[in-house]
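Enquirer: Predicted model and sequence follow; I will ask about them next.
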Amino acid sequence: KLKKTKIIFVGSRFSGLLNGWALAGGPGSGKGTQCEKIVQKYGYTHLSTGDLLRAEVSSGSARGKMLSEIMEKGQLVPLETVLDMLRDAMVAKVDTSKGFLIDGYPREVQQGEEFERRIAQPTLLLYVDAGPETMTKRLLKRGETSGRVDDNEETIKKRLETYYKATEPVNAEGSVDSVFSQVRTRTH
């Protein structure tokens, strides 16, 4: 059933494509705000990988403790863990949902490829762009009231560094060969 369900990714600059939409951008770029608007307009089920991970941390489980350590360091949670949690949440609601809005996934190319291979393929990518200063400012403001362990200056800096390392754009304005040269340097 998931193969026929509309899915929107809200994550990094990369998203593989599934019968649905993809909304991408860095941490603090406004993806969550746009998710709220999309849910209101289209009635999709919003699944935030961050919310799923924080719920696991709050559960006090062994996996939750391991996730807490990773998140406090601003590192990416292992692919398998996030994919398993997403699939479980989607399967639980596939019969009653008009589609899925997935916030915070994929964060890198490999995650998108694994999602496509194991679950389904999206059909549209929207990229919400904001500079590092704007994203930092928004995350610090959110941190004043969110209570999230990752909404502090040190962790935000690490999150942005991780984001930029995992999501390198390719300038496609040049010749075919110059664009391919950039692709090669980013993939090897």
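Expert: Cool, got the structure.
Enquirer: which stretches of this protein form helices?
Expert: 31-42, 49-58, 62-72, 79-93, 109-118, 132-146, 153-166, 176-187 (DSSP state H).
Enquirer: closest to K4 out of those?
Expert: Of all the helices of the chain, helix 79-93 sits nearest to K4, with 12.2 Å by CB to CB. C-betas here are computed from N, CA, C, even on glycine.
Enquirer: Name the residues that touch stretch 142-152?
Expert: With contacts defined as CB atoms under 8 Å, 6 or more residues apart in numbering, stretch 142-152 is touched by G28, R54, S68, M71, E72, G74, L139, L140, T155, I156, R159.
Enquirer: measure it end to end?
Expert: 10 Å (CA to CA, to the nearest Å).
Enquirer: what do you get for stretch 38-49?
Expert: For stretch 38-49, the end-to-end distance is 17 Å (CA to CA).
Enquirer: List the buried residues for that stretch?
Expert: Counting neighbours by 16 or more other CB atoms under 10 Å, one finds that the buried residues in stretch 38-49 are I38, Y44, T45, H46, L47, S48, T49.
Enquirer: go on, stretch 152-168?
Expert: For stretch 152-168, by 16+ other CB under 10 Å, it's T155, I156, R159, L160, T162, Y163, A166, T167.
Enquirer: a markdown table please, covering the residues you listed and showing pLDDT and distance to R184.
Expert: Below are the buried residues of stretch 152-168 laid out as a markdown table (pLDDT from 0 to 100; distance: CB to CB, whole Å):
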| residue | pLDDT | distance to R184 |
| --- | --- | --- |
| T155 | 89 | 33 |
| I156 | 89 | 32 |
| R159 | 85 | 28 |
| L160 | 87 | 26 |
| T162 | 80 | 23 |
| Y163 | 78 | 22 |
| A166 | 69 | 18 |
| T167 | 70 | 17 |
